[in-house]
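Asks: please find the sequence and the predicted model below.
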Amino acid sequence: MSFNDDLYREGGALGVYSYYYQTKKENFNKVRLTSPIRGQTMTSVNGGHPTPSRLQTPVSMNRMPRLDIMSPHPIEEDLVIPDKELVADAMQRKPLIRPSNLDLWIRVMSQLAGKDKVGKCIQYGLRILIAYSIRARKTQFLNNFKLTGVDFNGKTQDVLRQLVARPELIVVLFLGQFEARFVGLTKMLSVYRQMLRAGTVPTKVLKMLSRISETVGLLQSSEKASTKLQRLKSDWCNFKSLGEICALYYAWFDESLLAYKIGLLDEKTTPNYRKFAVRHEALAWYTNIILGLRAQFEKLSQLSNKENSLKINYQVKQRAKRLVSTIKPDQSPISLYGPLEVTDTKTQLQYSTELKKISKEKYMVQLEILKLLCDFAYDTVNVFHLKIDEPLHLLFGLGAGAISLSKIWIAEKEKTEKELNPCLN
């Protein structure tokens, strides 16, 4: 077989001879014999050097579109399918669509949790301002000024003239009006927040009764006593069961206090139960906070172990690749699978993506721990009746609400960005 025959055979349907290969089969030999390049020696583009194989060609050259230079029309379709690396690069270069703060605020307020946390921030913020207002009004300076010397029954001009003549009375009047108007608002916000989380007692009671019924059925079964004991231990002696019991414990007394506030229960007829409910509502919340802290610290430990394992695996792979790169290509079978640079890029991209995901999860868990610590500090004062500065005590409640609201905001922002940018999914 001649040299030109080899060129025809190596050209293939996508090579420089594709124009002649696209003719009918019966005319193929005739066209082949009349080829304008037959009998000529093709000059290599590489200056006489053999053309490198596709596996040894740089990745950027392999991804370039292929054109049929001998055909009047180039091949219309790029037959090289981009891999995940190209897609990821395109994703990184494309500007992301960011949701507006107004859209995020609407999405946050459309959730029950968002409404509850916004109400909590407003409630505790107003209570802090009211506490400072009462403290300022009771200072020795303002306590000496009384509004009794002002005749509010006179004309408006006369009243304004008296207040302007004594500016300290304007401060006393403003603080008194502020307290009178916003104390009622804080109570309404408390009822509003309780109504948002109300209605869970029936479902929790039914779930607990169902578990008790299953346990009674187990005790009445004909299984061995040791088997029954083992199943009872596995079903009830765990933190999941304890969490369900404490959740029912808190919901029962929380909704009992709500019934007093909206008038379903009369405090005058059942004063003892109301005192009992107030006491145990604080205790139930305290136990739920402690269980929540335990669960979040355990989750944080698991994420830290996962992050360390990921980093160690990546370092081991990188060291192994550096060792492999020192071996000559003709002595290593890895060269058969393509350049190591492509694998390194994909590995680094996957590693950075997983590491970023774990970091986000750890950040959210850390926020939850900080929020629970604020709740723990706030409820500790109520449970043990500690003497503490009231604005500082209320500041723990405001901090817990603000952290919870920030968690909801971050989650909604990430969710909205994925909806606006499908390439992030």
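Replies: Received it, and whenever you're ready, just let me know what you need. Residues are numbered from 1 along each chain as shown.

Asks: where does the prediction get shaky in this structure?
Replies: Scanning the chain for pLDDT under 70 picks out the ranges 1-93, 140-154, 158-159, 162-163, 166, 328-344, 425.

Asks: excluding chain neighbours, what is closest to residue 361?
Replies: Leaving out its chain neighbours, the residue that sits closest to residue 361 by C-beta to C-beta, 6 or more residues apart in numbering is residue 303, at 5.6 Å. Bear in mind the C-beta positions are built from the backbone N, C-alpha and C, glycine included.

Asks: okay, that neighbour and residue 406: tell me how far apart.
Replies: Distance, residue 303 to residue 406, using C-beta to C-beta, to the nearest Å: 19 Å.

Asks: those two: which is more packed in?
Replies: Applying other C-beta atoms under 10 Å to residue 303 and residue 406 shows that residue 303 carries more neighbours, namely 18 against 13.

Asks: next up, the contacts around that one.
Replies: 358, 361, 362, 365 (C-beta atoms under 8 Å, 6 or more residues apart in numbering).

Asks: tabulate these (CSV), appending secondary structure, distance to residue 215 and neighbour count.
Replies: Below are those laid out as CSV (DSSP: H, G, I helix; E, B strand; the rest coil; distance: C-beta to C-beta, whole Å; neighbours: other C-beta atoms under 10 Å):
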residue, secondary structure, distance to residue 215, neighbour count
358, helix, 39, 16
361, helix, 35, 16
362, helix, 38, 16
365, helix, 33, 20
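
Asks: element containing the residue nearest to residue 361?
Replies: In this assignment (DSSP states H and E), residue 303 forms part of helix 271-325.

Asks: ok, residue 291 touching residue 241?
Replies: No: Residue 291 is beyond contact range of residue 241, at 11.2 Å (criterion: C-beta atoms under 8 Å).

Asks: wait, isn't residue 242 in contact with residue 291?
Replies: Yes: judged on C-beta under 8 Å, residue 242 makes contact with residue 291 at a distance of 6.7 Å.

Asks: of these two, which one has the most company?
Replies: residue 291 (16 against 13).

Asks: what sits closest to that one if chain neighbours are left out?
Replies: residue 243 (5.3 Å).

Asks: same check, this time on residue 378
Replies: Among residues not flanking residue 378 along the chain, residue 396 sits closest, at 3.9 Å (C-beta to C-beta, 6+ apart).

Asks: next, the contact list for the one you found, please.
Replies: Residues near residue 396 by C-beta under 8 Å, 6+ apart: 374, 375, 377, 378.

Asks: what's the local residue count around residue 235?
Replies: By other C-beta under 10 Å, 14 other residues sit near residue 235.

Asks: and it, how far from residue 199?
Replies: Computed as C-beta to C-beta, the residue 235 to residue 199 distance reads 27 Å.

Asks: residue 307 now?
Replies: Taking C-beta to C-beta, one finds residue 307 at 39 Å from residue 199.

Asks: residue 288 and residue 246 touch, don't they?
Replies: Yes: counting by C-beta under 8 Å, residue 288 touches residue 246, with 5.2 Å between them.

Asks: where exactly do the helices run in the stretch 301-425 of the chain?
Replies: Secondary structure of the stretch 301-425 of the chain (DSSP state H, counting those that start in this stretch): helices located at 340-384, 390-420.

Asks: return the most buried member of the ones you listed.
Replies: helix 390-420 (a mean of 17; mean count of other C-beta atoms under 10 Å).

Asks: angles on the backbone of residue 388, please.
Replies: Here is the backbone geometry of residue 388 (degrees, to the nearest 10): phi -150, psi 150.

Asks: got a list of what it touches?
Replies: Residues in contact with residue 388 (C-beta under 8 Å, 6+ apart) are residue 381.

Asks: show me where the stretch 151-300 of the chain has strands.
Replies: Remark: no strands are assigned in the stretch 151-300 of the chain by DSSP state E, counting those that start in this stretch.

Asks: where exactly do the helices run in it?
Replies: Secondary structure of the stretch 151-300 of the chain (DSSP H, counting those that start in this stretch): helices at 156-165, 167-196, 201-220, 225-236, 239-261, 271-325.

Asks: ok, now which ones touch the closest residue to residue 221 other than its chain neighbours?
Replies: Leaving aside its sequence neighbours, residue 221 sits nearest to residue 228 (C-beta to C-beta, 6+ apart; 7.3 Å). Counting by C-beta under 8 Å, 6+ apart, residue 228 touches 218, 219, 221.

Asks: between those residues, which is closest to residue 318?
Replies: Ranked by distance to residue 318 (C-beta to C-beta), those are led by residue 218 at 53.4 Å.

Asks: so that closest one touches residue 231, yeah?
Replies: Yes: assessed by C-beta under 8 Å, residue 218 is found in contact with residue 231 at 6.0 Å.

Asks: sorry, back to before: run a quick neighbour tally on the residue nearest to residue 291.
Replies: Neighbours around residue 243, by other C-beta under 10 Å: 16.

Asks: how much space between it and residue 236?
Replies: For residue 243 relative to residue 236 (C-beta to C-beta), the value is 12 Å.

Asks: for residue 101, same thing?
Replies: Counting by C-beta to C-beta, the separation of residue 101 from residue 236 is 47 Å.

Asks: more neighbours: these two, which one.
Replies: residue 236 (14 against 10).

Asks: tell me how far the more buried one lies from residue 215.
Replies: 7 Å.

Asks: contacts only, for the closest residue to residue 98 other than its chain neighbours.
Replies: In this structure, residue 98 finds its nearest non-sequential neighbour in residue 417, 7.0 Å apart by C-beta to C-beta, 6+ apart. Counting by C-beta under 8 Å, 6+ apart, residue 417 makes contact with 96, 97, 98, 99, 424.

Asks: what's the local residue count around the third one?
Replies: If I follow you right, that is residue 98. A count of nearby residues for residue 98, using other C-beta under 10 Å, gives 13.

Asks: what kind of secondary structure is it in?
Replies: Following DSSP: H, G, I helix; E, B strand; the rest coil, the label given to residue 98 is coil.

Asks: on that earlier part again, what's the overlap in contacts for residue 236 and residue 215?
Replies: Joint contacts of residue 236 and residue 215 (C-beta under 8 Å, 6+ apart) do not exist.
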